[in-house]
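Visitor: sequence? don't have it. structure:
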């Protein structure tokens, strides 16, 4: 029986070891998952550092773009000034050309008048021919008139040369000189008209007095030829003036082309400004979308933080329960060592997060310095803010990716927590089973101790009875030797043995009847039903004594057999209980595990106090972050007010009058700058979240 119990105990121990190995493998798998989580967290941290570096690079590029935009803005202003100047010069040239055209018309009118005067001179010449024969006394007067007329013609030639010279200088000198020359030309033309009127008067007088001879007519013909030459000269001068007018018209066309090119440049600049306005509006839309996404992410972060607090509370409670349960488990030694390693890693993580918080504080101080610098550089701040808003949109997409990664990690974290809860439930059930088994073990130990004492007593009784039986057998042999001589005694012995067998059967029947009594008067003494046989037996004292002894011994043997059967049954039951208790005890931890659990419980309490201190520091840092955000909002408002003032001043200085034409340079109000939005300071990450992982 003991060997069977040992075999069963060994089998159960092997099964228990197999279960323990399986659970140890499960714990190792869980640890591997935790290590993977830690690796993913480190990777996410490295990614965040990369994103911060990219953010710095983007900030620099945006600063460069803002400087380029300012330069482009100044170039646009200079181009606008040049356009206004070119428009003024074009208008002045157009006025000069209009005046020159008017002068040309007047000159053509003068040419027509000279032609009419020539026709009148021809008439006068005919009258001279008619009056030639009338009087020769007027020859001297005519000669005098001719001399005066010749002098007047020379003056006209000189004035004509002066007009040519003035027309040649119209192209080379400035606008004011050309105006003066135009006025001088007008004066000279007025003088010529007056002189021609005087000449006409003199011709009329000469027609009254010219009655010269035939020689004088020849002289007159020569003078007429000279006049025709002079008229041809006037015609050539008119042609030259027309050529000058054509040159001026070509210059006007050239200036028109230059003005068209300048207008095209201006329109291209206007279109570029409109495109920039569209880009600014699109960037503002992206910024609003990014702000909404940031708000949603902040709400999600608050929800996750509340869940983290709940999980931390539940974790503390579960850790206390686990600490109470771990006092009773010896097999969890390996898991406790692994928890030790995890605690050290969590300590490193906490220290790292603490330094990260200090780093965030330093970043905040640098942001304050940048804000003061931005206040001093208000003119360049708006472009920087616009570019920063573009960067914020990019960072919003980056944050969205990081949030997706965080959600994925949280899903894995929830799966690990579910596994932990399942293990916790199994541990609780096992603890309850162990409590019940401990109570059973105590009961079984007491029963085993009692049964062991009784078993030893019964073994001693059996040994005593065996000695007694051996003595009786020796006595029986002696009696057999004594009665071996008589055949009658042998026959009697055979008969007595048959009777003995009958009596044994009766004893068995009586023992069964004792177990299941049917006789009401079972307390009465049973005697033999055959008195003759008893008398015959009693005749021999030795046989009588031996028979009585045999009867008593048989009764004792029957009782002892019954007792041994009962004891065997009890022993079988006790062995079963012993095997069960041995299996249960094999699962129970020893006192060393309890001591280690106490040490770990103290360490956990210390870590919990450290966690509370870190949470208080986090609250303090969060309060500082709120103050910084409040200060940033005030600074944003001040910057908005300064930006409005600056735009108003630009609008007043550069664009005092807004033209109604769409092709003009757009006003400053059309280029609405986006509201300055500095990048939000990232909230510090809770260390307790990493502790939960």
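Guide: Now that the structure is in, tell me what you want to look at. These numbers were taken from a predicted model, which means no experiment stands behind them.
Visitor: For residue 79, which residues are in contact?
Guide: 265-266, 269 (C-beta atoms under 8 Å, 6 or more residues apart in numbering). From N, CA and C alone the C-beta is placed, and that goes for glycine too.
Visitor: Go through the strand or helix carrying residue 512 and flag the buried ones.
Guide: Residue 512 belongs to helix 487-515 when assigned by DSSP states H and E. By neighbour count on 16 or more other C-beta atoms under 10 Å, the buried set for helix 487-515 is 489, 492-493, 496, 499-500, 503, 507, 510.
Visitor: what about that helix, average pLDDT?
Guide: Taken as a whole, helix 487-515 carries a mean pLDDT of 75.
Visitor: Near residue 581, how many other residues are there?
Guide: 21 (other C-beta atoms under 10 Å).
Visitor: Contact partners for it?
Guide: With C-beta under 8 Å, 6+ apart, residue 581 has these contacts: 437, 440-441, 444-445.
Visitor: again, only using 7 Å
Guide: Contact analysis of residue 581 by C-beta atoms under 7 Å, 6 or more residues apart in numbering lists 441, 444.
Visitor: Also residue 55?
Guide: Here residue 55 is in contact with 391, 395 (C-beta under 7 Å, 6+ apart).
Visitor: Can you pull the phi/psi pair for it?
Guide: Phi and psi for residue 55, reported as degrees, to the nearest 10, are phi -60, psi -40.
Visitor: With residue 76 instead?
Guide: Main-chain dihedrals, residue 76, degrees, to the nearest 10: phi -60, psi -40.
Visitor: Please report how far the nearest residue to it once chain neighbours are set aside lies from residue 283.
Guide: Spatially, and ignoring its direct neighbours in sequence, residue 76 is nearest to residue 269 (5.6 Å; C-beta to C-beta, 6 or more residues apart in numbering). As defined by C-beta to C-beta, to the nearest Å, residue 269 lies at a distance of 21 Å from residue 283.
Visitor: coming back round to it: is there a quick PyMOL command that grabs whichever of the contacts of residue 79 are buried?
Guide: Here is the PyMOL selection string for the buried members of those, based on 16+ other C-beta under 10 Å:
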select buried, resi 266+269
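Visitor: can you redo the contacts of residue 79 as JSON lines with pLDDT and distance to residue 404?
Guide: Putting those into JSON lines (pLDDT from 0 to 100; distance: C-beta to C-beta, whole Å) gives the following:
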{"residue": "265", "pLDDT": "76", "distance to residue 404": "49"}
{"residue": "266", "pLDDT": "71", "distance to residue 404": "49"}
{"residue": "269", "pLDDT": "73", "distance to residue 404": "44"}
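Visitor: The contacts of residue 79 into CSV, with extra columns for secondary structure?
Guide: Listed next are the contacts of residue 79 as CSV, based on DSSP: H, G, I helix; E, B strand; the rest coil:
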residue, secondary structure
265, helix
266, helix
269, helix
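Visitor: So the residue nearest to residue 76 versus residue 572, what's the distance?
Guide: For residue 269, the distance to residue 572 - C-beta to C-beta - is 109 Å.
Visitor: got it, and residue 59?
Guide: Taken as C-beta to C-beta, the span from residue 59 to residue 572 is 86 Å.
Visitor: Neighbour count: those two, which is higher?
Guide: Neighbour totals were compared for residue 59 and residue 572, and residue 59 leads with 16 against 13 (other C-beta under 10 Å).
Visitor: Would you agree the more buried one is in contact with residue 390?
Guide: No: under the criterion of C-beta atoms under 7 Å, residue 59 is not in contact with residue 390, lying 10.5 Å apart.
Visitor: what about residue 219, neighbour count?
Guide: Residue 219 has 16 nearby residues by other C-beta under 10 Å.
Visitor: ok now do it, which residues does it touch?
Guide: Contacts of residue 219 (C-beta under 7 Å, 6+ apart): none.
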